[in-house]
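A.B. asks: How does the following fold in three dimensions:
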Amino acid sequence: MEAGGLPLELWRMILAYLHLPDLGRCSLVCKAWYELTLSLDSTRWRQLCLGCTECRHPNWPNQPDVEPESWREAFKQHYLASKTWTKNALDLESSVCFSLFRRKRERRTLSVGPGHEFDSLGSALAMASLYDRIVLFPGVYEEQGEIILKVPVEIVGHGKLGEVVLLASIDQHCSTTRLCNLIFMPAWFSPIMYKVGVHIREMLCEMGTSRFHGPSFCTFKNTQCLFCTTCPSGSWKTCEFVGSENNSVTVEGHPSADKNWAYKYLLGLIRSSPTRDQAWESQDLVLPVPASCSPKPASKEAEVGSDGERVAQTPDSSDGGLSPSGEDEDEDQLTYRLSYQVQGPRPVLGGSFLGPPLPGASIQLPSCLVLNSLQQELQKDKEAMALASSVQGCLIRKCLFRDGKGGVFVCSYGRAKMEGNVFRNLTYAVRCIHNSKIVMLRNDIYRCRASGIFLRLEGGGLIAGNNIYHNAEAGVDIRKKSNPLILCNQIHHGLRSGIVVLGNGKGVIRNNQIFSNKEAGIYILYHGNPIVSGNHIFKGRAAGIAVNENGKGLITENVIRENQWGGVDIRRGGIPVLRSNLICFGYSDGVVVGDEGKGLIEGNTIYANKGCGVWMMSSSLPHVTSNHVSYNGLYGVAVFSQKDGSSEFPGGHGAQENFSEDGDAILWETELEKEDDPLRRPVTVALIESNSINHNGASGVYVQSSEALHIVTNVIHANGDRGITVAQSSQLTRVTNNSISCNRQSGVKVEAQCKVELRGNGIYDNRGHGIITKGDSTVVIENDIIGNRGSGLQLLPRSDTKVIKNRIHSFRAYGIAVRGHAKALVQENIIFQGKTNKTIFQQISNNRDCIMENNKFLVFKKKSDTWCLVNPPARPHLENSLRGPSAAHSGQKVAAMATRITARVEGGYHSNHSIFCTIL
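C.D. replies: Numbering: from 1, shown residues only. Sure thing, here's the model as predicted:
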C-alpha cells in the first residue's frame, strides 16, 4: 500500500494511534512513509515525548514555553539514553569477547518499595548483577550506612520527578552508573550524597554535595541540583541548579589526554548541536545626532572682541572657500586680496565626519566600523574557532543556575565549555582561576551580586556571544595575568563597569557592544594591559574607557559615543595607546588626560562632543598626534595645569569600586611586568603634534598651563573663537610650523605674563588679527601672517615682543599695530600693504621702546604688478617636520595652493624680482 493512496490528513490520523515501535517500523518502509512519519513531529511525536513521565520538556528549565526544533529528535535522545549507557563502560582487555557476551545477557529488573521484592536500595544492590535495572517505587528511602556501588547498575525512580526521595551517601567504585528520576538528599551521617563518576539523568540533589574526582566522567540531564562539585570531564544539559551555598559546579584538574569513550561522547554532543549561528547579529549602527552638539551659526553682523579684537562675520570664509570678492568695498580703494582655497585634512575615518552634525539627523558609520557577527569573527580568527570547537573538559549546555552563591567554578588547569545557559541571581556566575580555560558561548548572565565572569591567576579562554547585564559589579573581571578573548558580547546596564582589567590582567576585547553601564564601559587599572579593538562603547553614565592607576592598554578602532563623561579618561599614571578610534557625540569632553595621565593619543577622530575635543594637563606629558578634532562644543584641545575637582573621579566611575578580593589588600606592585613597550615613545614635554583641529565651538587650542608645551605642525582651521589662545604660560610654549586659518577671531592671542615662541607658522585669513599679544616674553620669528581681517600683528600695552623675519600682510588693516607703550623689536620683516588708505605700520608717537630695524615695506598702486614669494616658500613647512608615527598621516594634513601677490615696489627695498608664495 502506498502513502499516496489516501489523503495525507487521513494517514496522519491513522498513524497517530500507533505506538513507538510500530511508528518506527513504518518509517522504514520507504522514503514516502519516512517523510510521512516525520510530518507527525508536532502531533504524535510531541505527544510521545510529553507523555513520558521520565522526560521533561526539551527546553526545560530555561525556556519551557519554547517549542524544540524537533520533538522527534528530542524524544529520540531521551529514549536512547537508557539503551546506550551500558556501552559507555571501558572494555576489559583480558577478554576480547567480553562485551559481546555481556550485551547478550538479558538485564534483570529489581523492584524496591512496600509490597515489592526488596525493602531498601542496599538490599537490592546486594543481589544486583552487571547492568541490572533497579526501580524505586514512590516513597522516601533512608539508608543508614554508606552504599558502595561495585557493579554498573541503573537506578530509576518510578512515577513523576519528586515522588521518589533517596536519603543516602553513595560511593561509586564501578566504571559507570545511571541515575534517573530521583530526588537526592544527604543522609544523617554525611553531607556527601555521591562520590566518583556517574551518568545521571533527571535527578534532584537537594541540600547536599556531590563529589567527583579523578578521571571519571559524568552526565547530568534534565536535573535539579544543589551543591554539585564535579570532575574534569562531564556533560550537563538542560539542568537546573538552585540555591547553592557554594559553587553549583566545580571543574578541577586537567582532563585526561586519552581519547576514551568520554571524549567520543563529548565530541558527539558537539557535533549534534545546532550549526546555525544563534548569536545576535550586528546591524549597521546609526548614530543619532544630539541637537546641542552642533555649533551655533554665526551672526552676519560684525563683532568687536575684547582688547580691540575685531571680528568680521563673513559667512563663507570659515569653511575655506574663496575670500570675499570685495563687492561691498569702496570702488575708489584699491585692495590687495589673496585668493585661497583652504582645505583642511581629511578625517581618519572617512568623509562622514567632515561636515557639521545636523540636529535630528543620523550618521551611517563607515563599513570598517560596523560590528561583525560572531560567526564572521570566528571565521577570521582561527585560534578563536579552535577554542569554540574544542571538546576537552566539561560541557554545560542549556542549564539554569539561579538563586545561589556560585555558578561554575573552574580551577587548577580545569577546562569547561558553557553554551546557552542562564545564570541569574547568583553572587557570581563563573570563576576561572589557576591556569584554567573556559569557553562561554551565547549565555545569559544577569543580576549577579558581584561580577558576572571572574578570571584570575592566568585564567583564559573564549567568552563570545553572551548577554551580560544588570550585574552589581563588573560584567567581566580580569586580573592577575589572565588573558581571555572577549568577543561579540553585549555587556550593558551594569551597576558598575562593563569590563574591568587590573593587576597585570591582559586579554583581547574585540567587537563587543558595551553600553548603558553606570561606570566606565571598560576600566583599566593597576597595570592591566588589554588589547581593546573594534568595540562599540556608548551611552555610559561615566567614561567610555577609563585608564587609571598605571593602567596600560592598546585601544584601537573603537566607536566611543554618547557617554556622559569623557569618551576616554586617562589619569593617575595611566599610559595607554589610543589609536584610530571614533570618539563622538559625548556629553562632556572627547578625551580627558587628567592628573599624572600619560599615553599616546594618535589618529583618532574626535567629533561633535559637547565639551572639549581633548582636555589635558600639561604636567601629565601626553602625546597628542595625528588626530582629527572637529565640531566639538568648546575647545578643540584644551591644556590646563589643574582642573577643578581633577583629583576626583567624574561621575564616580571607579572611585569607590572594590577591587580587592576577599578583603585582602591590593599589592599589585609586587607583580609588575618590566617589559618595554615599543608603542609608547618617551616624551619629556607635553606635545600636540600634526593634528587637524577645526570647526570647534571655541578656540582650536587653549593653553592655561604652568608647564612647557609644544604645539607643532597642526592644522587649526575655522574654529568658533581664536585659532590658539595662550591664557597662561609661565614656562615656554612653543608654537611651531602650524597652519592657523579662517578662525572667527584672531589666529593667535597671547595674554599677559606668558612666554610664547611662534616660529614657522602660516597664519592667514582669520577674521580678527593675525597675532595679538600682551605677553611679556613673546617671540614671533619667521612666520607668514597674511590675509587676516584685522591687523597682521597687534602689540598691546605692556607687552614685550620680538618680531623677526616674518612676512606680514593685513587684508583690511595695518601690517603691525602698536597700542600704547608696548616694548618691541621689529627687525628684518617683509610687510605688505593691505588697503591704499591704510598705512603699513601704526605706532604711538614718542614710543622709544619700539625699535624698527631693516624691515621691508611693500605697497602697491595697481594690480598689474606681480611678485611671487620665494626663499623660503610659504609657511608652514610640514614636509620635514613630520616624524615617527605622524609621518603616515602627512598626506591627509595639508593642501598646497599657489598665490600671486599683486603690488608695486616703492622705497627701493626690492628690485623687480618675483617672490612666489605657497600657502597651505
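A.B. asks: Where do the helices of the stretch 1-150 of the chain begin and end?
C.D. replies: Here the stretch 1-150 of the chain has its helices, by DSSP state H, counting those that start in this stretch, at 8-15, 20-27, 31-38, 46-51, 71-84, 98-104, 121-127.
A.B. asks: between those, which gets the lowest average pLDDT?
C.D. replies: Among the helices of the stretch 1-150 of the chain, helix 98-104 carries the lowest mean pLDDT, a mean of 45.
A.B. asks: Out of the helices of the stretch 1-150 of the chain, which gets nearest to Gln842?
C.D. replies: helix 71-84 (92.9 Å; Cβ to Cβ). To be clear about C-beta, it is placed using only N, CA and C from the backbone, and glycine gets the same treatment.
A.B. asks: how does the protein divide into domains?
C.D. replies: With the TED database as the criterion, the domains of the chain are listed as 1-61+72-78, 109-188, 222-258+383-492, 497-610, 686-859.
A.B. asks: Span of the last one from start to end?
C.D. replies: Using Cα to Cα, to the nearest Å, one end of domain 686-859 lies 42 Å from the other.
A.B. asks: Provide a list of residues in contact with Arg807.
C.D. replies: For Arg807, the contact set (Cβ atoms under 8 Å, 6 or more residues apart in numbering) comprises 783-786, 829-832, 869, 917.
A.B. asks: For it, which residues count as its bridge partners?
C.D. replies: Asp784, Ile830 (DSSP bridges).
A.B. asks: tell me the mean pLDDT for stretch 164-178?
C.D. replies: The pLDDT scores in stretch 164-178 average 82.
A.B. asks: Show me which positions of it end up buried.
C.D. replies: Using 16 or more other Cβ atoms under 10 Å as the test for burial, stretch 164-178 gives 164-170, 172, 174-178.
A.B. asks: picking up where we left off before, lowest average confidence across the domains of the chain, which one?
C.D. replies: When the domains of the chain are ranked by mean pLDDT, domain 1-61+72-78 comes last with a mean of 76.
A.B. asks: Now the two most distant members of the buried residues of stretch 164-178.
C.D. replies: Largest separation among the buried residues of stretch 164-178 by Cβ to Cβ: Val165 and Ser175, giving 27.0 Å.
A.B. asks: Would you check how far apart Lys481 and Gly406 are?
C.D. replies: Per Cβ to Cβ, to the nearest Å, Lys481 is found 22 Å from Gly406.
A.B. asks: Looking at the two, which is more packed in?
C.D. replies: More crowded of Lys481 and Gly406, by other Cβ atoms under 10 Å: Gly406, with 24 against 19.
A.B. asks: how about that one, secondary structure?
C.D. replies: strand (DSSP: H, G, I helix; E, B strand; the rest coil).
A.B. asks: ok, the buried residues of stretch 164-178 vs Ala74, which is closest?
C.D. replies: Closest approach to Ala74 among the buried residues of stretch 164-178 (Cβ to Cβ): Arg178, at 18.9 Å.
A.B. asks: surely that closest one meets Leu149?
C.D. replies: No. Using Cβ atoms under 8 Å, Arg178 is not in contact with Leu149; the gap is 11.0 Å.
A.B. asks: Now neighbour count too, for the contacts of Arg807, in TSV please.
C.D. replies: Supplementary listing: these in TSV, determined by neighbours: other Cβ atoms under 10 Å:
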residue	neighbour count
Asn783	32
Asp784	28
Ile785	33
Ile786	29
Asn829	27
Ile830	19
Ile831	25
Phe832	25
Leu869	21
Cys917	23
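A.B. asks: Give me the packing partners of the helix or strand hosting Leu578, helices and strands only.
C.D. replies: Using DSSP states H and E, Leu578 falls within strand 577-579. Contact analysis of strand 577-579 by 3 or more Cβ pairs under 8 Å, 6 or more residues apart in numbering; DSSP states H and E lists strand 554-556, strand 600-602 as its packing neighbours.
A.B. asks: and after that strand, which helix or strand comes next?
C.D. replies: Counting by DSSP H and E, the next helix or strand C-terminal to strand 577-579 is strand 582-584.
A.B. asks: how about the domains of the chain, which one is nearest Ser367?
C.D. replies: Of all the domains of the chain, domain 497-610 sits nearest to Ser367, with 12.7 Å by Cβ to Cβ.
A.B. asks: Straight-line length of that closest one, end to end?
C.D. replies: In terms of Cα to Cα, the two terminal residues of domain 497-610 are separated by 23 Å.
A.B. asks: and Asp800, what are its bridge partners?
C.D. replies: For Asp800, the beta-bridge partners are Lys823 (DSSP bridges).
A.B. asks: what about it, neighbour count?
C.D. replies: By other Cβ under 10 Å, 17 other residues sit near Asp800.
A.B. asks: so how far is Val756 from it?
C.D. replies: Counting by Cβ to Cβ, the separation of Asp800 from Val756 is 11 Å.
A.B. asks: who touches both of the two?
C.D. replies: Contacts common to Asp800 and Val756, judged by Cβ under 8 Å, 6+ apart, are 775, 777-778.
A.B. asks: what would those look like in CSV with distance to Leu796?
C.D. replies: Shown next, in CSV, are the shared contacts of Asp800 and Val756 (distance: Cβ to Cβ, whole Å):
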residue, distance to Leu796
Gly775, 9
Ser777, 14
Thr778, 11
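A.B. asks: taking the residues you listed one by one, which sit in strands?
C.D. replies: Of the shared contacts of Asp800 and Val756, the ones assigned to strands by DSSP state E are 777-778.
A.B. asks: Take the shared contacts of Asp800 and Val756 and, keeping just the buried ones, write it as a PyMOL select command.
C.D. replies: Selection of buried members from those for PyMOL, criterion 16+ other Cβ under 10 Å:
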select buried, resi 775+777+778
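A.B. asks: out of the shared contacts of Asp800 and Val756, who's nearest Asn517?
C.D. replies: Asn517 lies nearest to Gly775 out of the shared contacts of Asp800 and Val756, by Cβ to Cβ, at 45.4 Å.
A.B. asks: Format the buried residues of stretch 164-178 as JSON lines; extra columns: distance to Ala74 and secondary structure.
C.D. replies: Below are those laid out as JSON lines (distance: Cβ to Cβ, whole Å; DSSP: H, G, I helix; E, B strand; the rest coil):
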{"residue": "Val164", "distance to Ala74": "23", "secondary structure": "strand"}
{"residue": "Val165", "distance to Ala74": "27", "secondary structure": "strand"}
{"residue": "Leu166", "distance to Ala74": "27", "secondary structure": "strand"}
{"residue": "Leu167", "distance to Ala74": "32", "secondary structure": "strand"}
{"residue": "Ala168", "distance to Ala74": "31", "secondary structure": "coil"}
{"residue": "Ser169", "distance to Ala74": "34", "secondary structure": "coil"}
{"residue": "Ile170", "distance to Ala74": "29", "secondary structure": "strand"}
{"residue": "Gln172", "distance to Ala74": "29", "secondary structure": "strand"}
{"residue": "Cys174", "distance to Ala74": "30", "secondary structure": "coil"}
{"residue": "Ser175", "distance to Ala74": "28", "secondary structure": "coil"}
{"residue": "Thr176", "distance to Ala74": "24", "secondary structure": "coil"}
{"residue": "Thr177", "distance to Ala74": "24", "secondary structure": "coil"}
{"residue": "Arg178", "distance to Ala74": "19", "secondary structure": "strand"}
